[in-house]
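1. Sequence first, then the predicted structure, then my questions.
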Amino acid sequence: MSVERPTGQAAEDWAERIEAIANRQDREAFADLFRHFAPRVKGFLRRNGASEAQAEEIAQEAMLTVWRKAQLFDAGAFGAATWIFTIARNLRIDAVRRERRGGGLRVEEVEAEYEIDATPAADAQIVAAQAEARVRAALDALPDDQLEAIRLSYFEERSHGEIAQALQIPLGTVKSRLRLAMKRLRGLLEAEP
């Protein structure tokens, strides 16, 4: 993909405008971006086989996507021009695919492409599930009195004094049960692979 690449201050200025859009919905910053990039995006699309009407539509959709998705821009990962032209290229690819299927341009498909997937990766989910199972097994191995002290302290976030009052035991006993429980949990969790 042949893209005009601004350097130095110009690149920083475009990135700052995108950040202004993301942070303040700055219409003036968007107007500057639109005036600069829309004709360039349209020319890029025309050079890559889009019709005049399609190039115009995709260029406008790309700039609208910049407005809507400015908060997803990461200046540390890529420059403003690269990000904008990538959006346009992806829109063009989607348009070609829809033409082959006989469908039109759908905004929700475009928006979905720029959504951040907050779902943890499968391997991270497996590791987390295994860790949770290990902790549950270790908790189940505690004596009932220590488990109750842990539950009240860590899961219900009660103070030691509140635990002593709820269990009707001395404060020192609460502290002792918690200390013993934590020592036992640490030993159980460190012993497992």
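-> Thanks, I have the structure now. Numbers count the residues shown, from 1 in each chain.
2. ok, residue 172 - how many residues close by?
-> For residue 172, the count of nearby residues is 10 (other Cβ atoms under 10 Å). The way it works is simple: take the backbone N, C-alpha and C, and place the C-beta from them, glycine included.
3. What is the least confident helix or strand in the protein?
-> Within the chain, judged by mean pLDDT, DSSP states H and E, the helix or strand with the poorest mean is helix 107-113; its value is a mean of 57.
4. and the helix or strand that that helix is followed by, what other elements does it pack with?
-> Per DSSP states H and E, helix 107-113 leads on to helix 122-140 as the next helix or strand towards the C-terminus. If you count contacts as 3 or more Cβ pairs under 8 Å, 6 or more residues apart in numbering; DSSP states H and E, helix 122-140 packs onto helix 144-150, helix 171-191.
5. Buried ones in the last one, by neighbour count?
-> Pointing back at helix 171-191 there. 174, 177-178, 181-182, 184-185, 188 (16 or more other Cβ atoms under 10 Å).
6. next one: stretch 147-163
-> Judged by neighbour count (16+ other Cβ under 10 Å), stretch 147-163 contains these buried residues: 148-150, 152-153, 158, 163.
7. Also stretch 123-139?
-> With burial defined by 16+ other Cβ under 10 Å, the residues of stretch 123-139 counted as buried are 138-139.
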